[in-house]
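fold the following.
(one chain, ligands or ions: 1)
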Amino acid sequence: TNVQQGFPKDFLWGGATAANQLEGAYNVDGKGLSSADMIAYIPKEERGITNHAMEVSSERIAQILSGEFEARFPKRDGIDFYHRYKEDIALFAEMGFKVFRLSIHWSRIFPNGYDEQPNEAGLQFYDNVFDELRKYNIEPLVTLSHYETPLGLTEKYNGWVNREVVDHFARYAETVFTRYKDKVKYWLTFNEINVLTISAFTGGGVVIDREENKLQAMYQALHHQFVASSIATKLCHEIIPGSQIGCMLARMETYPFSSNPADIRQAQHDNQMNLFFTDVHARGEYPRFMNRYFAENNIVIQKEAGDDEILKKYTVDYISFSYYMSITVTTGADGDKAAGNLFGGVKNPYLEASDWGWQIDPIGLRVTLNNFYDRYQKPLFIVENGLGAFDKVEEDGSIHDTYRIEYLRKHIEQMREAIADGVELMGYTSWGPIDLVSMSTSEMSKRYGFIYVDQDDDGNGTLKRSKKDSFEWYKNVIATNGAEL
Ligand code: BG6
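Numbers count the residues shown, from 1 in each chain. Next up, the predicted model:
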């Protein structure tokens, strides 16, 4: 039969990270500040456990820069991967990783974002990391921009809302493609590009209180990222023959709460609003349903001559996405609000939720994969998936994270099903193979790793690495190419 049984033999198993959540060394070797470095830790007692902290006001930025506002900024410290990458990569290699997803912290390379010349020490750091990965035959999968806009671009242009940033990004992309052309084959442009329309600061270095028409500003910034992504795609193909470059979406498969047609329509609408981003990346044009949304919200995208052609000509090679949960929506009053990865929704009575209220839905991953493939017929790559949970260290130092194994097993099973359904899936990098700082809450206690890192929410700890039970489990998954789960 021509039904693919199990995982293809060149399937890319691994783990995914972002520079700002693990490197630390935020002001070392010439690195400039980035948006992530400005996010302070707010304890859950003040924030509410399921709430996020991802925005910064103009006033706060001024206070931080003048030293008037004192707080901890966990993303400045990460887990000190900057100095411990050899040890960490050795552990990934021990698990048998075929691929490791990381981002380049843009402000290591161009400290202000608009500098003319790159910072050599920053470039050298990633050379070292890529060389270390090469030792173990681990392919790097590199995200150009993972919530790490240089603060200089925020201060000078208010971030991505200004067209100038496209050129600065293009220079950065060209610099790293040229430098790493023999070391990196797989690239991604913007992490979860849709997050820009939820948090303009995190997604685009845009301080939203500086903008009068906020939605207009967000979608304009987004347009600039779309164009920048296409330019990067063009450059990547020119500079690195045989390279593959993709886009990245926080995919929120959205279900209707009931069979009420109004709910069905609501879910359809929400899915369109989420898939619009990959529509542009994959098909090279804005989908027509966005015209109505733009008109009803007084959004007029300013395009430059040639933008439409660039978008059309340089579409992505593959589509990557994060998948943590599904969303359920209703037009009625039924259902409690469920906490989600920024996207809300109501409680789905068939699903359990994580400690942070994210609704766990393995079958939703199969649905997602099939829907994506039906829509675009492009290869897919799951570049984030995982369970953020509290872990308990036993007396003897062991960590029995059966809940994590369970979560991952069920999702990988559904990937296998989707592959048998005919979906082309390139690989799977689970989020945070080593515990790192949470994106949305800056906590350490929201852990995703196979590798435990001794550090708490207040930044105390030895940073010592140790293996959780899931470490051996994932190692065996990779060794058996997903046959033993
Ligand atoms: C994705 C981001 O939204 O989810 C990651 O790309 C992030 O940066 C991950 O860490 C998990 O979210 P959180 O908030 O639990 O860290």
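
hey, where'd the helices end up in the stretch 101-250 of the chain?
Counting by DSSP state H, counting those that start in this stretch, the stretch 101-250 of the chain has helices at residues 106-109, 120-135, 151-157, 164-179, 200-204, 214-239.

and the stretch 351-485 of the chain, by the same measure?
Under DSSP H, counting those that start in this stretch, the stretch 351-485 of the chain gives helices at 362-376, 402-421, 469-479.

quick one: the strands in the stretch 201-350 of the chain?
For the stretch 201-350 of the chain, the strands defined by DSSP state E, counting those that start in this stretch occupy 244-250, 254-256, 318-322, 327-329.

show me what contacts the residue of the stretch 1-150 of the chain found nearest the ligand?
The ligand sits closest to Ala18 of the stretch 1-150 of the chain, with a gap of 4.9 Å, by Cβ to the nearest ligand atom. Every C-beta, even on glycine, is put in place using the N, C-alpha and C of the backbone. By Cβ atoms under 8 Å, 6 or more residues apart in numbering, the residues touching Ala18 are 102-103, 143, 146-148, 191, 436, 439.

go again with 7 Å.
Residues in contact with Ala18, defined by Cβ atoms under 7 Å, 6 or more residues apart in numbering, are 103, 143, 146-147, 191.

which residue is the nearest non-sequential neighbour of Asn297?
Counting by Cβ to Cβ, 6 or more residues apart in numbering, Leu215 is the residue found nearest to Asn297 once chain neighbours are left out, at 5.2 Å.

burial measure for the one you found, as a count.
16 (other Cβ atoms under 10 Å).

was I right to think it contacts Glu296?
No: proximity of Leu215 to Glu296 does not meet the contact threshold set by Cβ atoms under 7 Å, at 10.3 Å.

need the contacts of Ala18 in CSV (columns: neighbour count, pLDDT and distance to Arg404).
Output for these, formatted as CSV (neighbours: other Cβ atoms under 10 Å; pLDDT from 0 to 100; distance: Cβ to Cβ, whole Å):
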residue, neighbour count, pLDDT, distance to Arg404
Ser103, 23, 98, 23
Thr143, 25, 99, 23
His146, 25, 98, 23
Tyr147, 28, 98, 24
Asn191, 27, 98, 22
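
how about the residues of the chain by the ligand?
18, 21, 191-192, 250, 322, 341, 384, 388, 431, 438-441, 446 (Cβ under 6 Å from any ligand atom).

now flag whichever of the residues you listed is closest to Arg288.
Nearest to Arg288 among the residues of the chain next to the ligand is Ala250, at 23.1 Å by Cβ to Cβ.

how many residues are close by the closest one?
20.

okay, now the unreliable bits of the stretch 251-400 of the chain?
333-335, 338-343 (pLDDT under 70).

ok and the residue in it nearest the ligand?
Residue nearest to the ligand within the stretch 251-400 of the chain: Gly388 (4.3 Å; Cβ to the nearest ligand atom).

next up, the contacts around the residue nearest to that residue when sequence neighbours are not counted.
Closest residue in space to Gly388, ignoring its immediate chain neighbours: Lys446 at 4.2 Å, by Cβ to Cβ, 6+ apart. By Cβ under 7 Å, 6+ apart, the contact list for Lys446 reads 356, 388, 438.
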